[in-house]
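Visitor: need a 3D model of the following:
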Amino acid sequence: MPKPRNPSAPRSRYGNRRAPGAAQPTATVTLPNESPLDPPPMPAGVEWTESQRARWESLWKSPQAFMWDETAAGTVALLITYETALLTGKASAWQAQEYRYASDSLGLTPTAMQKLGWKIEGTDK
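Guide: Coordinates of the predicted model:
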């Protein structure tokens, strides 16, 4: 007669639903409600509109920006460019897809925050 299933056993395939080789969940990092860091300058070579400049400032003051460094500036700039195209109805399907990837890589979606192990101070998620 086979042994009964024990989902709490360390090597049980019934209790552990992660894919083989998947990373262990990371510790949760609590982000401040607003990033205290100053935004970097916007990338040169582009004629940024006032609304794009305001969006740049708001993204760099977001809780997630606390975890970014200067290497995120290009991704933030592209996110703003894709967002502008989407909101004006001029975006192609690939731009919409890239917008989603950029949002996820910056931790701007709830799913991305969960995967990164981030939560905002004062929230339960």
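Visitor: surely Leu31 meets Ile120?
Guide: Yes - assessed by Cβ atoms under 8 Å, Leu31 is found in contact with Ile120 at 5.3 Å. Heads up, the C-betas are built off the backbone N, CA and C, glycines and all.
Visitor: so what sits against both of those two?
Guide: Pro63 (Cβ atoms under 8 Å, 6 or more residues apart in numbering).
Visitor: which element is Lys119 on?
Guide: strand 118-120 (DSSP states H and E).
Visitor: next up, the contacts around Leu86.
Guide: 95-96, 99.
Visitor: likewise Met113?
Guide: By Cβ under 8 Å, 6+ apart, the contact list for Met113 reads 64, 107, 119-120, 125.
Visitor: for those residues, which one is nearest Glu70?
Guide: Glu70 lies nearest to Gln64 out of those, by Cβ to Cβ, at 15.1 Å.
Visitor: what's in contact with stretch 58-65?
Guide: 31-35, 37-40, 68, 72, 76, 79-80, 106-108, 113, 118, 120-121.
Visitor: quick one: buried ones out of the residues you listed?
Guide: The neighbour-count criterion (16 or more other Cβ atoms under 10 Å) marks 31, 35, 39, 68, 72, 76, 79-80, 106-108, 113, 118, 120 among the contacts of stretch 58-65 as buried.
Visitor: any chance of those residues in JSON lines, plus distance to Lys90?
Guide: What follows is these, written out as JSON lines (distance: Cβ to Cβ, whole Å):
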{"residue": "Leu31", "distance to Lys90": "33"}
{"residue": "Ser35", "distance to Lys90": "30"}
{"residue": "Pro39", "distance to Lys90": "26"}
{"residue": "Trp68", "distance to Lys90": "27"}
{"residue": "Ala72", "distance to Lys90": "25"}
{"residue": "Val76", "distance to Lys90": "20"}
{"residue": "Leu79", "distance to Lys90": "16"}
{"residue": "Ile80", "distance to Lys90": "14"}
{"residue": "Leu106", "distance to Lys90": "22"}
{"residue": "Gly107", "distance to Lys90": "26"}
{"residue": "Leu108", "distance to Lys90": "21"}
{"residue": "Met113", "distance to Lys90": "29"}
{"residue": "Trp118", "distance to Lys90": "32"}
{"residue": "Ile120", "distance to Lys90": "32"}
